[in-house]
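Novice: Build me a model from this:
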Amino acid sequence: MPRYLVDLSPLRESREYRLLYAGQVVSFLGRQMTIVAVPFQVFQITHHSSLQVGLISLAALGPLLLTSLFLGPIIDSVDRRKLLLTTQVVMAATSAGLALNASQHSPPVWPLYALMAISGGVSGIDGPTSSAILATLVRREQLAASAALSQIMYQLAGSIGPAIAGLIIKEVGLSAAYWIDVTTFSMMFVCVAMMRPLPPSDRATRLGLPAVREGVSYLRGNRVLQSTFYIDLDAMIFGMPRALFPAIAIDRFHGGAGILGLLAAAPGAGALIGATFTGWVTRIRRQGLAVVLAVVAWGLAIVAFGVVPWLPAALIFLAIAGAADVVSAVFRNTILQTLVPDSLRGRLTAIHIAVVTGGPRVGDAESGAVAALASTEVSVVTGGVACILGVLVLLRAVPELMGYQAPDATVIDVD
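Specialist: As a prediction, this is how the structure comes out:
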């Protein structure tokens, strides 16, 4: 059994990594308050409009893409510790704005669009920065272990956080959920402040369009790497029905914030279980095939979720989808870290995180629009089917993905 469980040595050996990890655990849990609260509040304000729930997420996509693509080189050009401190302050301020807006008697919806757009832009720098510093905090041979620990942290927050958020919204209110997010950002700030400085190297990347073009050019020239980005976009755009969770909780399962929290937590719970037992992935050589099978499994689970009328079964299928997603994430990130040279990894990581975080936001708008035109159930089921068909189209366009095999030695770095 120990062969299948994650290695804790990075936490034992590196004080800097422990500080970063502790801050992220608390911050990510707090962030789930806002992730659950914003769509629920929009659903209430707009009188049950799933379309607007999707659009509120899409509002953050443009700023996120702009910062990821054009400000990615800044991660390699400044003290990353100071950069992380700055992003925590700005993101805490956006959550404070959401709390103040929610405390009004009749809160308008436009501040949610504006504040989530700002938050999305900042996250395009915050996420890649956190990922880029890992190699400076742990030994090289511990990168795989730290990546697995990161995946557990993300999924733990995604499984426990939404359930807690649902209870807080139900028992205390929306404003309280946002203020908890502010507090956890403050705790992350303290942890990062206790870390040593992380100045740029002597050969730091200069800012400017040439640095951006260099990263984009490398991506354009690598079809296998491109296909891992495209297949994730396919799964998240067509097969991610999270914008419909408020409608499903209320209309199909006749619940409220509590049921919404369970629906939002189920994929994270499944992913957490999958991430805890990822020791086997290092023995898989046909990594391209593994990605394909995982995304197909995701699509099938979403289709099943869309048709079952029983809440426990729906939660199980969402958990299966989450487990499939974490397997896909492990192999996609393994391929990225194997194919991309060190000199370009920061910029490609920024683009990768833009894809990972931007895809679901487009998916929110897509699922909300289909639900508005047809129905919630139709949106979920057709989205899962479209995800599977998208995999088939991608394999026809880029057959190299199915045949990709890992070299003898790989480094796993999961975001």
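
Novice: what about the stretch 1-150 of the chain, any weak spots by pLDDT?
Specialist: Residues of the stretch 1-150 of the chain meeting the criterion pLDDT under 70: 1-6, 140-145.

Novice: If we use 90, what do you get?
Specialist: The stretch 1-150 of the chain contains residues with pLDDT under 90 at 1-13, 32, 35-36, 39-80, 104-107, 109, 120-121, 123-125, 127-150.

Novice: mind listing the helices in it by residue range?
Specialist: 9-13, 15-45, 50-58, 61-70, 80-102, 110-132, 134-137, 143-171 (DSSP state H, counting those that start in this stretch).

Novice: before we move on, what about the stretch 151-300 of the chain?
Specialist: Counting by DSSP H, counting those that start in this stretch, the helices of the stretch 151-300 of the chain are 174-193, 209-220, 223-239, 245-247, 257-276, 287-307.

Novice: returning to what we had before: could you dump the helices of the stretch 1-150 of the chain into CSV and include distance to Asp325 and mean neighbour count?
Specialist: All C-beta spots, glycine's among them, are computed from the backbone N, C-alpha and C. Shown next, in CSV, are the helices of the stretch 1-150 of the chain (distance: least, C-beta to C-beta, whole Å; neighbours: other C-beta atoms under 10 Å):
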stretch, distance to Asp325, mean neighbour count
helix 9-13, 24, 16
helix 15-45, 16, 22
helix 50-58, 17, 23
helix 61-70, 19, 19
helix 80-102, 24, 20
helix 110-132, 17, 21
helix 134-137, 21, 18
helix 143-171, 9, 22
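
Novice: how close does Ala324 sit to Gly72?
Specialist: Distance of Ala324 to Gly72, given as C-beta to C-beta, to the nearest Å: 29 Å.

Novice: Name the residue in these two with the higher neighbour count.
Specialist: Between Ala324 and Gly72, counted using other C-beta atoms under 10 Å, Gly72 has the larger neighbour count: 28 against 25.

Novice: Name the nearest residue to that one, ignoring sequence neighbours.
Specialist: Ranked by C-beta to C-beta, 6 or more residues apart in numbering and with sequence neighbours excluded, the top spatial neighbour of Gly72 is Ala350, at 3.4 Å.

Novice: shouldn't the one you found be in contact with Asp126?
Specialist: No - counting by C-beta atoms under 8 Å, Ala350 sits too far from Asp126 to count as a contact (10.9 Å).

Novice: Quick check: neighbours shared by those two?
Specialist: Common neighbours of Ala350 and Asp126, counting by C-beta atoms under 8 Å, 6 or more residues apart in numbering, are absent.

Novice: which residues does the residue nearest the centre of the chain contact?
Specialist: The residue lying closest to the centre of the chain (C-alpha atoms, centre = their mean) is Thr357, at 5.0 Å. Shown in contact with Thr357 (C-beta under 8 Å, 6+ apart): 64, 120, 123-124, 127.

Novice: can you rerun that using 6 Å?
Specialist: With contact set as C-beta atoms under 6 Å, 6 or more residues apart in numbering, Thr357 has no partners.

Novice: Which of the residues in stretch 254-264 are classified as buried?
Specialist: Buried residues in stretch 254-264, counted by 16 or more other C-beta atoms under 10 Å: 255, 257, 259-264.

Novice: How many neighbouring residues does Arg213 have?
Specialist: When neighbours are counted by other C-beta under 10 Å, Arg213 comes out with 12.

Novice: Give me the pLDDT for it.
Specialist: Here, the pLDDT recorded for Arg213 equals 81.

Novice: how close does it sit to Pro73?
Specialist: Going from Arg213 to Pro73 by C-beta to C-beta gives 10 Å.

Novice: Surely Arg347 is in contact with Val216?
Specialist: No - using C-beta atoms under 6 Å, Arg347 is not in contact with Val216; the gap is 8.3 Å.

Novice: Looking at the two, which has the bigger crowd around it?
Specialist: Shown here are Arg347 and Val216; by other C-beta under 10 Å, Arg347 has more neighbours (27 against 16).

Novice: list the contacts for the more buried one?
Specialist: 72, 215.

Novice: ok, it to Phe317 distance?
Specialist: Distance from Arg347 to Phe317, by C-beta to C-beta: 37 Å.

Novice: can you check Leu115 too?
Specialist: 33 Å.

Novice: residues in contact with the closest residue in space to Met116 that isn't next to it in sequence?
Specialist: Closest residue to Met116 apart from its sequence neighbours, by C-beta to C-beta, 6+ apart: Ala60 at 4.8 Å. Ala60 makes contacts with 116-117, 120, 361, as judged by C-beta under 6 Å, 6+ apart.

Novice: separation between Ala60 and Ser119?
Specialist: Distance from Ala60 to Ser119, by C-beta to C-beta: 6 Å.

Novice: And for Val355?
Specialist: From Val355 to Ser119 the distance is 18 Å (C-beta to C-beta).

Novice: ditto for Gly158
Specialist: Distance from Gly158 to Ser119, by C-beta to C-beta: 17 Å.

Novice: Kindly report the same for Arg196.
Specialist: Counting by C-beta to C-beta, the gap from Arg196 to Ser119 is 28 Å.

Novice: quick one: pLDDT of the spatially closest residue to Val307 that is not a sequence neighbour?
Specialist: Closest residue in space to Val307, ignoring its immediate chain neighbours: Val381 at 6.3 Å, by C-beta to C-beta, 6+ apart. We have a pLDDT of 95 for Val381.

Novice: give me the number of residues near Val381?
Specialist: For Val381, using other C-beta under 10 Å, the count is 20.

Novice: where's it, which helix or strand?
Specialist: Using DSSP states H and E, Val381 sits in helix 376-397.

Novice: Now do the buried residues in that helix.
Specialist: Quick answer for helix 376-397 (16+ other C-beta under 10 Å): 376-377, 379-388, 390-391, 394-395.

Novice: counting contacts, what elements does the next helix or strand after that helix pack onto?
Specialist: Sequence-wise, the next helix or strand downstream of helix 376-397 (DSSP H and E) is helix 400-403. Under the contact criterion of 3 or more C-beta pairs under 6 Å, 6 or more residues apart in numbering; DSSP states H and E, helix 400-403 touches helix 223-239, helix 287-307.
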